[in-house]
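**Student:** Below are the sequence and a predicted model for it; my questions follow.
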Amino acid sequence: MSNKKTKINFPPWGETPERERGLFVNNILKSYKDVAALKGISFEVQKNELFGLIGPDGAGKTTLMRILTTLLLPDSGHVTMDGADVVKNYKTIRKSIGYMPGRFSLYPDLSVEENLQFFATVFNTTVKKNYGLIKDIYSHIEPFKKRLAGRLSGGMKQKLALSCALIHKPKVLILDDPTTGVDAVSRREFWEMLKNLQKKDITIMVSTPYMDEASLCDRVALIQSGKIMDVDTPDAIVQKFGRKILAVKATETYRLINDLRGHHKAEAVYAFGQYIHFTAIDDDIEVTEMEQFLKNKNHQSIIVEEIVPGIEDVFMGLMKAPPSLP
Amino acid sequence: MKTILYILKKEFRQIFRNKTMLPMIIVVPLVQMLVLVFAANLNLRKIDVVVVDHDLSEASRQLVGKFDGIPFFNLKGANFSIESAEEKLEAGKAEMAMVIPPNFERKLIRENHSSLQLLINAIDGNSAQLIYAYSQAIISGFNKTLVADWKGIAEFSPPVSVDIAENYWFNKELDYKWYMAPGILAILVTVIGMFLSGMNLVREKEMGTIEQLNVTPIKKYQFILGKLIPFWVIALLDLALGLFIAKLAFNLPIVGSLWLLFGFAGLYLVSVLGLGLLISTLSNTQQQVMYVSFFFMMLFILMGGIFTPVESMPSWAQEVDRVNPIYYFMRIMRMVVLKGSGFFDLLEEFFSLLALGILFIGLAIWRYRKTA
């Protein structure tokens, strides 16, 4: 799998002609009054790539998504999709993108079927024509097609929204926080659906605050406070990070965190589920050393192990360091 | 075209599924015609009068008898003290007190001249004036008979006087309901056009569906037409329903052409829908739409002359009414329904409404582009 990913690694600027690129974002700036939401965003998304925009709430993901979907004008910079500019050729863009906003935004007082039909008609097409594309997704909710969309469960709403976003066979699918408020099983299902769609000649850009979803993307951009911190495959991002991380566990979690933060070599201490991830200044720490330290502090059932950093660790690490742009 | 038709289909579906909108569309005209028209009645009935007769003469009794003989006045006992009569006025048990001083008759005979006092509750200035006018008519009638009786002029040569033969045009029986009904129908059309359309449009913002719509190739005009046409149709249907009820309930005469009436209503609705649209582009929630449209509705309705004739307003208010669509429509309703005016009698109203319609719709579309 990692083989395939390295192949997608994006070429230097200008090597591919613009129209062959899926999505090309160049130096986007956007401010709301005196708050700068996006401070110069640039990246590329390859055709038929599953690209993740990962960042905490308030990082500027939705603003960027709204610019990509022609809903918002950037203060400066350019975005092209399949060679069409999102500002100048917004009409073309609107025909060729599918957008699923973060908030459920279908008509709750129309039935599942009526919603789908409405969006098909609005895009000058019919449900029948593109049924093949949405079949895998829509078939889950088809038994409830007479039900009003407002009465669907969260997972079903999401599937309906995805169906509606796909009904006109878009070239680019843009999903803003699609898995927020959806249970773990539905989330997994949803990502499988995205993987399948990718095979059907659709470029997918998805934003999410969940870092565990990052590893499911072909490539990700890490965004924070309106700046891109890194763009690469999830594996490469982790490899580049190259820090040593200790996962620590003991019975008294709260005291453990405080003691770890008090450690004279501590650079970053974060709770990840049951474990505390510890990063030392200059990675100058050994497992045995840590075990001894905790024993001295009278902790019980101590577990200390060195782990391969996950994307979350990378993100935490990058967030701490002032974002430096290449 | 197919898109617009489908949008319309969707809008009607949503309206008929809406649990507040549908009852409003059906119940409002019923209530307005059957309750409001009867309630908003300025006709006076049964004025309670207290008489304080200090004279107790033949003349004073004759005068009191005249008041008693008119069904409009209800004599509520006699008193001998002005104070107790005033108390009744203060307690709201009487609308008028008539005080006849002692020596009323003697003065009449000796000095050919006498006076009495009327105390009228004037909290409602309109009815106070009416009461005064009625009383004056009675007293002057009494004066005439006095002259005839006492000066000994024979019945066969009646006193010289000018007879007034009234003929109330366009509303022969001065039926207040006939005057109110067209005005209230104008309000009905306005409510549907301004409130409902504005609220419906802003609902898309509230639900977030506008986000989804804005990335579709739907054109602005398709969306706006899809939003406005349903309420244009519903308002006209409601007008028809209201007229039908008025005809059944109190036989409202519809003298003029119905085609003309509905044509004007259609034109009027353009400006009202435009205003509703404008308000909804400036608002983010249905509540805001409610408040803002309520403000405009109150202003327009009260200035539009539903209860008080615009001609008696100060001249600046009359100038303001030039941009008040309800003012024109209320005039049109009354003139077509009661008077049977034709199109060429209403040219000024036609062009004014046309101009206002273009103005409001234009403003709304301009604003809509900017925010979307």
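**Tutor:** Received the coordinates, thanks.

**Student:** Please count neighbours and contacts with C-alpha atoms only from this point.
**Tutor:** OK.

**Student:** Heading C-terminal from the host helix or strand of A:F278, find the next helix or strand.
**Tutor:** Using DSSP states H and E, A:F278 sits in strand A:275-280. Sequence-wise, the next helix or strand downstream of strand A:275-280 (DSSP H and E) is helix A:287-296.

**Student:** Just the CA coordinates for that following helix, please, in CSV.
**Tutor:** This file holds the C-alpha atoms of helix A:287-296, laid out as CSV (Å, rounded to 0.1, in the frame of the first residue of the first chain):
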residue,chain,number,x,y,z
VAL,A,287,12.3,3.5,28.5
THR,A,288,14.2,2.3,31.6
GLU,A,289,15.0,5.8,32.6
MET,A,290,11.3,6.7,32.5
GLU,A,291,10.3,3.6,34.4
GLN,A,292,12.8,4.5,37.2
PHE,A,293,11.5,8.0,37.3
LEU,A,294,7.9,6.8,37.8
LYS,A,295,8.9,4.2,40.4
ASN,A,296,10.5,6.9,42.4
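
**Student:** Pop out the phi and psi values for the closest residue to chain B within chain A.
**Tutor:** Among all residues of chain A, A:S105 sits closest to chain B, at 4.4 Å; criterion: CA to the nearest CA. Backbone torsions for A:S105, taken as degrees, to the nearest 10, come to phi -130, psi 50.

**Student:** what about A:L175, is that helix, strand or coil?
**Tutor:** Using DSSP: H, G, I helix; E, B strand; the rest coil, the structure places A:L175 in strand.

**Student:** Give me the pLDDT for it.
**Tutor:** On pLDDT, A:L175 comes in at 93.

**Student:** For beta bridges, what are the partners of it?
**Tutor:** For A:L175, the beta-bridge partners are A:M100, A:V206 (DSSP bridges).

**Student:** List the contacts of it.
**Tutor:** Contacts for A:L175 (CA atoms under 8 Å, 6 or more residues apart in numbering or on different chains) come out as A:99-102, A:204-207.

**Student:** Redo those residues as CSV? Include pLDDT.
**Tutor:** Shown next, in CSV, are those (pLDDT from 0 to 100):
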residue, pLDDT
A:Y99, 93
A:M100, 92
A:P101, 89
A:G102, 84
A:I204, 94
A:M205, 94
A:V206, 93
A:S207, 92
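
**Student:** hmm, which two among these are most spread apart?
**Tutor:** Across the contacts of A:L175, the longest distance by CA to CA is 15.1 Å; it joins A:G102 and A:I204.

**Student:** and A:N26, which of the three is it?
**Tutor:** strand.

**Student:** repeat for B:V189
**Tutor:** Classification of B:V189 using three-state DSSP returns helix.

**Student:** Excluding chain neighbours, what is closest to it?
**Tutor:** Counting by CA to CA, 6 or more residues apart in numbering or on different chains, B:V189 lies nearest to B:A235, which is 5.3 Å off, once chain neighbours are set aside.

**Student:** Settle this for me: that neighbour is touching B:I192, isn't it.
**Tutor:** Yes - at 5.7 Å, B:A235 and B:I192 qualify as touching, with contact defined as CA atoms under 8 Å.

**Student:** Which residues are in contact with B:Y179?
**Tutor:** Counted by CA under 8 Å, 6+ apart, B:Y179 has contacts B:R334.

**Student:** what helix or strand is it on?
**Tutor:** helix B:176-190.

**Student:** In terms of packing, which of B:A235 and B:I192 has more residues around it?
**Tutor:** Neighbour totals were compared for B:A235 and B:I192, and B:I192 leads with 26 against 23 (other CA atoms under 10 Å in any protein chain shown).

**Student:** Run through the stretch 1-150 of chain B and note the low-pLDDT ranges.
**Tutor:** Within the stretch 1-150 of chain B, the ranges that satisfy pLDDT under 70 run B:41-44, B:150.

**Student:** residue boundaries of the strands in it?
**Tutor:** Applying DSSP state E, counting those that start in this stretch to the stretch 1-150 of chain B gives strands spanning B:47-53, B:73-79, B:96-100, B:117-120.

**Student:** okay, these, which one's buried deepest?
**Tutor:** Among the strands of the stretch 1-150 of chain B, the stretch with the highest mean neighbour count (mean count of other CA atoms under 10 Å in any protein chain shown) is strand B:96-100, at a mean of 23.

**Student:** Just the CA trace of it, in PDB.
**Tutor:** The C-alpha trace of strand B:96-100 is given here as PDB (Å, rounded to 0.1, in the frame of the first residue of the first chain):
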ATOM      1  CA  MET B  96     -73.500  61.600  28.300                       C
ATOM      2  CA  ALA B  97     -75.200  63.700  30.900                       C
ATOM      3  CA  MET B  98     -77.700  66.400  30.000                       C
ATOM      4  CA  VAL B  99     -78.200  69.100  32.500                       C
ATOM      5  CA  ILE B 100     -81.300  71.200  32.300                       C
END
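
**Student:** packing partners for that strand?
**Tutor:** Packed against strand B:96-100, as judged by 3 or more CA pairs under 8 Å, 6 or more residues apart in numbering or on different chains; DSSP states H and E, are the following elements: strand B:47-53, helix B:82-91, strand B:117-120.

**Student:** interface residues of chain A facing chain B?
**Tutor:** Applying CA under 8 Å from any CA of the partner chain, we find that chain A lies next to chain B at A:69-71, A:91, A:94-95, A:99-101, A:103-107, A:109-110, A:118, A:121-124.

**Student:** one more time with 10 Å
**Tutor:** Taking CA under 10 Å from any CA of the partner chain, the part of chain A that reaches chain B is made up of A:66, A:69-72, A:90-110, A:114-115, A:117-119, A:121-124, A:161, A:164-165, A:168.

**Student:** Mind checking which of those residues land in strands?
**Tutor:** The members of the residues of chain A next to chain B that map onto strands under DSSP state E are A:97-100.

**Student:** Save those as CSV, and put in neighbour count too.
**Tutor:** Shown next, in CSV, are those (neighbours: other CA atoms under 10 Å in any protein chain shown):
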residue, neighbour count
A:I97, 26
A:G98, 28
A:Y99, 28
A:M100, 28
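
**Student:** need the helices and strands packed on strand B:96-100 in a markdown table with distance to B:F294, can you?
**Tutor:** As requested, the helices and strands packed on strand B:96-100 are arranged in a markdown table below (distance: least, CA to CA, whole Å):
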| stretch | distance to B:F294 |
| --- | --- |
| strand B:47-53 | 36 |
| helix B:82-91 | 36 |
| strand B:117-120 | 36 |
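
**Student:** picking up where we left off before, the strand holding A:F278 vs helix A:287-296, what angle?
**Tutor:** Orientation note: strand A:275-280 sits at an angle of 120 degrees relative to helix A:287-296 (axes from the mean of the first three to the mean of the last three CA atoms, to 10 degrees).

**Student:** Quick check: residues of the stretch 1-150 of chain B near chain A?
**Tutor:** With CA under 10 Å from any CA as the criterion, the stretch 1-150 of chain B meets chain A at residues B:2-7, B:9-11, B:13-15, B:17-18.
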